[in-house]
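Engineer: Pasting the sequence and the predicted model now:
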Amino acid sequence: MSVECVAGLQWGDEGKGKIVDVLSEKFDMVVRFAGGANAGHTVVFEGQKYILHLIPTGILHPDKTCVIANGVAFDPRVFFEEVENLHSQGFETAGRLFVSDRAHVVLPFHRQLDTLREKALAADKIGTTARGIGPCYSDKAARLGVRVGDMLEPNTLRKLLRLSVAEKNFIFSSYSSERIDEDSLLETLASLGEKLRPYVRQTRPLIAEAIAAGRGVLFEGAQGSLLDIDHGTYPYVTSSSTGLNGVGPGTGVSARKIERVTGVIKSYCTRVGDGPFPTEQPGPVGEHLQARGGEFGATTGRPRRCGWLDLVAVHHTASINDTDSIIMTKLDVLSGLEEIKVATSYEIEGKTTEEFPASLELLASAKPKYESFEGWQEDIGGARSVRDLPSAALKYLEAVEKMAGIPLVSVSVGKSREQIISLKE
Ligand code: IMP
């Protein structure tokens, strides 16, 4: 049994939900360690579609323990919506779903603040999911946050809320926005806390004990590394460490325990929200990818911007995540294109570079240099082994693996659990 991490190597929406679901089979515990209900992890099996925003996708396997660790921005409202949905769909959560007492709570005014800040930024907005993620993490860093465990202690909760609400009401008055009613918020949170009590644990020892006992633990990354607060396209990023490097702080378990990192990429790139995107294809190619790939946000329903696979970006993110192997999703979406391109370097200020720049201006001016591949017309959704793939698709996969310099171990050709092909058998 091993300890592994799944990380997104693009701007999120790589299909990590499906990959975690497939990989979960060989683990005992699945852990979310960063992000919050801004994520949208979609899993399809037996003709049924499940979208989870906060609860680890491992919950769809009845025998797995699932943990929402301390690094997650925890929205109790979304949590209970998901728990109720799961129960009505026949999945039990009692005794196998745990929430860290140290996870920070997304409060209703965090959502309000997220929306107000975006409005104020106008044309310069980040394009957030409006789920209150940025304000929740800001309060955590400013030491104005409320943790899940604090919801169980009315006196502590009252004290923490008083500090945070006073500051927020000051901000809201400058936006002429509605004030927070502290008493009613306190009441709501305390009663949610009581409902939450059976799920609340110190999750660090829970995970550490599982590892010490030799059980398999899978850390489920949310978002992608190009949205990482430190290594992504700042400020057009989310507010957490999205990949391997989020596991230590986000769980309290040393990253040294992680034996393997699987990076997930899509066969092309997408991004929701604003910010630079060098390989973006606003024309017919982008339209093909968006329509065929169903590229609309699982959380917000927003259309995703689409473009060619960018290996300059993937080199950057694969390195940050110390990636051992890559799984590619949505190869089927490329069917029907005459030509398929992959960016292998950028031209910036007249020079060719394989480095992914931090500078927004340089990244916005980067002209991708592409390798070009012949497309294929066949629908490959029914392929279950490499033998079922057209030779053009195999050439594309071999070239991507070689250029990425990391083993490409599997490729997914559709939404369902069974639509995945191992490339290394
Ligand atoms: P926030 O995480 O809601 O603050 O949004 C910050 C940026 O991250 C925006 O560009 C969002 O569209 C993007 N983002 C956040 N979560 C996801 C995700 O799960 N998939 C793709 N983009 C995301």
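Structural biologist: Here it is on my side, so go on. What you see is a predicted model; the values in this text were computed from it and never measured. Numbering: from 1, shown residues only.

Engineer: For the stretch 51-200 of the chain, which segments are assigned as helices?
Structural biologist: Under the criterion DSSP state H, counting those that start in this stretch, the stretch 51-200 of the chain contains helices at 76-88, 108-121, 133-141, 154-174, 182-196.

Engineer: out of these, which comes closest to P284?
Structural biologist: Of all the helices of the stretch 51-200 of the chain, helix 108-121 sits nearest to P284, with 30.8 Å by CB to CB. Backbone N, C-alpha and C define where each C-beta goes, glycine included.

Engineer: Point out the most buried one among the helices of the stretch 51-200 of the chain.
Structural biologist: helix 133-141 (a mean of 22; mean count of other CB atoms under 10 Å).

Engineer: Can you confirm whether the helix or strand bottoming out on mean pLDDT in the chain lies near the ligand?
Structural biologist: Here the helix or strand of the chain ranked lowest by mean pLDDT, DSSP states H and E is strand 41-45, holding a mean of 84. No - residues of strand 41-45 are not located near the ligand by CB under 6 Å from any ligand atom, the shortest gap being 8.1 Å.

Engineer: in that strand, what's buried?
Structural biologist: 41-44 (16 or more other CB atoms under 10 Å).

Engineer: Provide a list of residues in contact with the residue nearest to T352 when sequence neighbours are not counted.
Structural biologist: Of all residues not flanking T352 in the chain, S345 sits nearest, at 5.2 Å (CB to CB, 6 or more residues apart in numbering). S345 makes contact with 312, 352-354, 368-369, according to CB atoms under 8 Å, 6 or more residues apart in numbering.

Engineer: okay if I get the helices of the stretch 51-200 of the chain as TSV plus distance to T65 and mean pLDDT?
Structural biologist: Conversion of the helices of the stretch 51-200 of the chain to TSV gives the following (distance: least, CB to CB, whole Å; pLDDT from 0 to 100):
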stretch	distance to T65	mean pLDDT
helix 76-88	14	96
helix 108-121	28	93
helix 133-141	25	97
helix 154-174	28	92
helix 182-196	17	95
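
Engineer: nearest to the ligand, of those?
Structural biologist: The ligand sits nearest to helix 133-141 of all those, at 4.2 Å, using CB to the nearest ligand atom.

Engineer: List of residues touching that closest one?
Structural biologist: By CB under 8 Å, 6+ apart, helix 133-141 touches 35-38, 73, 104-107, 109-111, 113-114, 117, 126, 128, 145-146, 164, 238-240.

Engineer: and that helix, C-alpha only, in PDB?
Structural biologist: The C-alpha coordinates for helix 133-141 follow below in PDB (Å, rounded to 0.1, in the frame of the first residue of the first chain):
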ATOM      1  CA  ILE A 133     -12.200  31.200  -1.100                       C
ATOM      2  CA  GLY A 134      -9.800  34.200  -1.300                       C
ATOM      3  CA  PRO A 135     -11.500  36.100   1.700                       C
ATOM      4  CA  CYS A 136     -11.500  32.900   3.800                       C
ATOM      5  CA  TYR A 137      -7.700  32.300   3.300                       C
ATOM      6  CA  SER A 138      -7.100  36.100   3.700                       C
ATOM      7  CA  ASP A 139      -8.700  35.900   7.100                       C
ATOM      8  CA  LYS A 140      -6.800  32.800   8.000                       C
ATOM      9  CA  ALA A 141      -3.500  34.600   7.200                       C
END
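
Engineer: now it and helix 154-174, what's the angle there?
Structural biologist: Interaxial angle of helix 133-141 relative to helix 154-174 (axes from the mean of the first three to the mean of the last three CA atoms, to 10 degrees): 130 degrees.

Engineer: A7 against I258, yeah?
Structural biologist: No - between A7 and I258 there is no contact, the gap being 10.4 Å when judged by CB atoms under 8 Å.

Engineer: Could you name every residue contacting both of those two?
Structural biologist: L244.

Engineer: More neighbours: which of these two?
Structural biologist: A7 (30 against 21; other CB atoms under 10 Å).

Engineer: Tell me the secondary structure at G36.
Structural biologist: coil (DSSP: H, G, I helix; E, B strand; the rest coil).

Engineer: neighbours around it, how many?
Structural biologist: With other CB under 10 Å as criterion, G36 counts 32.

Engineer: Then I348?
Structural biologist: 18.

Engineer: what's the answer for the one 3 residues further on, then?
Structural biologist: Neighbourhood size, K351 [other CB under 10 Å]: 8.

Engineer: Just the pLDDT for E425.
Structural biologist: E425 is assigned 74 on the pLDDT scale.
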